[in-house]
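S.K.: Got a predicted model here, sequence first, then my questions.
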Amino acid sequence: MEIRSTTDQDLGAFVDTFHAALGRFPDEPNADGGGVWWAATEMDRNLLAVTADGRPVGTAGALTFELTLPGQAVVPVAGVTSVGVLPSHRRQGLLTAMMRRQLADFRARGEFLSVLLAAEAGIYGRFGYGPATYTERLTVQRHQAAFDPPRARRTAAAPAGGSVELLRRAECGAIIEEVYDRYRRARPGALSRPRRWWELGAGQVPIATTPRYIAVHRDAEGTPDGYASYWKDGDTLTVDETIALDDAGYTDLARYLLGHDLVGEVVFRHCPPDHPLRWQLADFNAGRFENHTDWLWTRILDVPRALTSRGWFTDGELVLDVDDPFLGEHHRYLLTVRDGKAECVPTDREPDLSLDVRDLGAVYLGGTAPSRLVRAGHVHAHHPDAAARADALFRAEREPHCLHWF
């Protein structure tokens, strides 16, 4: 069995093999070759597992993104995708071999982080990935959707309200691309959407050109600063995603969506766990949160570089004993944070926390508290106050959230 890099000539074999691993058939691209997820694939980053007689039996792909870290640092990251093995060749070590080769390729390219969306949560932890952001669906019954008047006193410095304009997806591609890019640079856990994705309609809506209504929010000066992509089926209005640069924009868009005529319920498909809408409704139980699930999984390949790249919001220090069993590595680091910047160096000091690299990936963006993993028995705290100090250090300025599908 051979695992090799792909070339442009392997595109058909790569796409067919991955779909066969899922038991599905590929969609048909449009006349320009776009409109399908693989239109944005990077063939120089993909791997193909082939038998001795040249038959492809497994795939693993990677995409080039930027990831926003706590403190609004924007760093390059590899996005793992299109991982599959034909049913006839499972349980033979192919997946492990591809993942090992892929991580080696990432390091060779100088990348210190990789991310993925896990179709099955039980698979990727053994390769060092930990769930770092979460998302949930919110369903609101429209007849219960009255807003509770704000109780905070409005000051003269508060910004004036914005406006909402209804457009169709085909009319506003450039607007939503620009608004998303501004949004993702300010939200920890958010990924970039490369220009070619928008140009080719690769991925899910609203990148894909599938017909959607787009409610574009504009600030008081008329500048677009938010949008909601939605469609209606029966009496259900489904919102693909809501993007806004501030809470006022989110509120205006939510009022617009919940005020839509001939709608029984509004389903917000991707809400961050810190979404304030439930608290804004007069009936607290009008909004039903469900399908709380993992989304972006993070894998750290260079611990000092990862920890010194993000922003920090509390001074302090921790000694981290980090085990990476998949790569056969074990190191101990002293993490020191002063004035929002970190230094991370090897040390022989006694550890404060002992943890697997997957758990470090889970807490890295601030979406999972280290103390929760201590309570779960995955992280060992060597001192009574170590978990609390880690919670304070690893917190982000806001809940990390990722909307992008890949």
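M.R.: Everything's here; your move. Residues are numbered from 1 along each chain as shown.
S.K.: Could you use CA atoms for every contact and neighbour count after this?
M.R.: OK.
S.K.: ok, and the closest non-adjacent residue to L355?
M.R.: V379 (4.9 Å; CA to CA, 6 or more residues apart in numbering).
S.K.: cool, and P87?
M.R.: Here the residue nearest P87, using CA to CA, 6+ apart, is A21, at 6.3 Å.
S.K.: Surely the one you found is in a helix?
M.R.: Yes: assessed with DSSP: H, G, I helix; E, B strand; the rest coil, A21 lies in a helix.
S.K.: Check whether it really touches G84, as I assumed.
M.R.: Yes: with contact defined as CA atoms under 8 Å, A21 reaches G84; the gap is 5.5 Å.
S.K.: where along the stretch 301-406 of the chain do the strands fall?
M.R.: 316-324, 329-338, 341-346, 353-356, 380-381 (DSSP state E, counting those that start in this stretch).
S.K.: Now do the contacts for D240.
M.R.: D240 sits next to 205-206, 228-230, 268-270 when contact means CA atoms under 8 Å, 6 or more residues apart in numbering.
S.K.: sorry, back to before: ok, the residue nearest to P87 - how many residues close by?
M.R.: 20 (other CA atoms under 10 Å).
S.K.: One more: V83?
M.R.: Counted with other CA under 10 Å, the neighbours of V83 add up to 21.
S.K.: my read is it is in a strand, agree?
M.R.: Yes: applying three-state DSSP, one finds V83 inside a strand.
S.K.: So what sits opposite L334 in the bridge?
M.R.: In this entry, L334 is beta-bridged to V319, V345, by DSSP bridges.
S.K.: My read is that it contacts V322, right?
M.R.: No: look at L334 against V322 with CA under 8 Å: they stay out of range, at 11.0 Å.
S.K.: which residues are in contact with the helix ranked longest in the chain?
M.R.: Using DSSP state H to define each element, the chain has its longest helix at helix 94-108. The contact list for helix 94-108 (CA under 8 Å, 6+ apart) reads 3, 47, 49, 58-60, 78, 84-85, 112, 114, 127, 301, 327.
S.K.: looking at those, which has the most residues close by?
M.R.: Counting by other CA under 10 Å, top hit in the contacts of helix 94-108: T59 with 30 neighbours.
S.K.: For that residue, which non-adjacent residue is closest in space?
M.R.: Of all residues not flanking T59 in the chain, L48 sits nearest, at 4.8 Å (CA to CA, 6+ apart).
S.K.: out of the contacts of helix 94-108, who's nearest R169?
M.R.: R169 has its nearest neighbour among the contacts of helix 94-108 in A78, at 28.7 Å by CA to CA.
S.K.: is it true that that closest one lies in a strand?
M.R.: Yes: checked against three-state DSSP, A78 lies within a strand.
S.K.: For the residue lying closest to it once chain neighbours are set aside, which three-state class applies?
M.R.: Among residues not flanking A78 along the chain, S114 sits closest, at 4.6 Å (CA to CA, 6+ apart). For S114, the assignment made with three-state DSSP gives strand.
S.K.: tell me the contacts of the nearest residue to A52 once chain neighbours are set aside?
M.R.: Nearest residue to A52 in three dimensions, chain neighbours excluded: M1, at 5.7 Å (CA to CA, 6+ apart). By CA under 8 Å, 6+ apart, the contact set of M1 is 49-52.
S.K.: Residue ranges of each domain in the protein, please.
M.R.: 2-111, 135-290, 310-356+368-394 (automatic domain parsing).
S.K.: okay if I get those domains as a markdown table plus mean pLDDT and distance to I123?
M.R.: A markdown table is the format used below for the domains of the chain (pLDDT from 0 to 100; distance: least, CA to CA, whole Å):
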| stretch | mean pLDDT | distance to I123 |
| --- | --- | --- |
| domain 2-111 | 96 | 10 |
| domain 135-290 | 93 | 19 |
| domain 310-356+368-394 | 98 | 13 |
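S.K.: Span of stretch 241-251 from start to end?
M.R.: Distance across stretch 241-251, first residue to last, is 14 Å (CA to CA, to the nearest Å).
S.K.: If you count neighbours, what's buried in it?
M.R.: Residues of stretch 241-251 classed as buried by neighbour count (16 or more other CA atoms under 10 Å): 241-245, 248-251.
S.K.: which residues are contacting that stretch?
M.R.: Identification of contacts with stretch 241-251 by CA under 8 Å, 6+ apart yields 161-162, 179-180, 182-183, 217, 219, 225-230, 253, 268-270, 277, 403.
S.K.: before we move on, the earlier item: and the strands of the stretch 301-406 of the chain: which comes nearest W295?
M.R.: Nearest to W295 among the strands of the stretch 301-406 of the chain is strand 353-356 (19.8 Å), distances taken as CA to CA.
S.K.: Who are the packing partners of that closest one?
M.R.: Secondary-structure packing of strand 353-356 (3 or more CA pairs under 8 Å, 6 or more residues apart in numbering; DSSP states H and E): strand 316-324, strand 380-381.
S.K.: Just give me how far that strand sits from the chain centre.
M.R.: Distance, stretch centre to chain centre, for strand 353-356: 24 Å (CA atoms, centre = their mean, to the nearest Å).
S.K.: Could you do stretch 245-262 as well?
M.R.: The chain centroid and the centroid of stretch 245-262 are separated by 23 Å under CA atoms, centre = their mean.
S.K.: same thing with stretch 14-21?
M.R.: For stretch 14-21, the separation from the chain centroid amounts to 24 Å (computed by CA atoms, centre = their mean).
S.K.: Tell me the spacing between L138 and T81.
M.R.: 27 Å.
S.K.: So which of the two has more stuff around it?
M.R.: Counting neighbours by other CA under 10 Å for L138 and for T81 shows that L138 has the greater number, 23 against 19.
S.K.: so that one sits in a strand?
M.R.: Yes: counting by three-state DSSP, L138 falls inside a strand.
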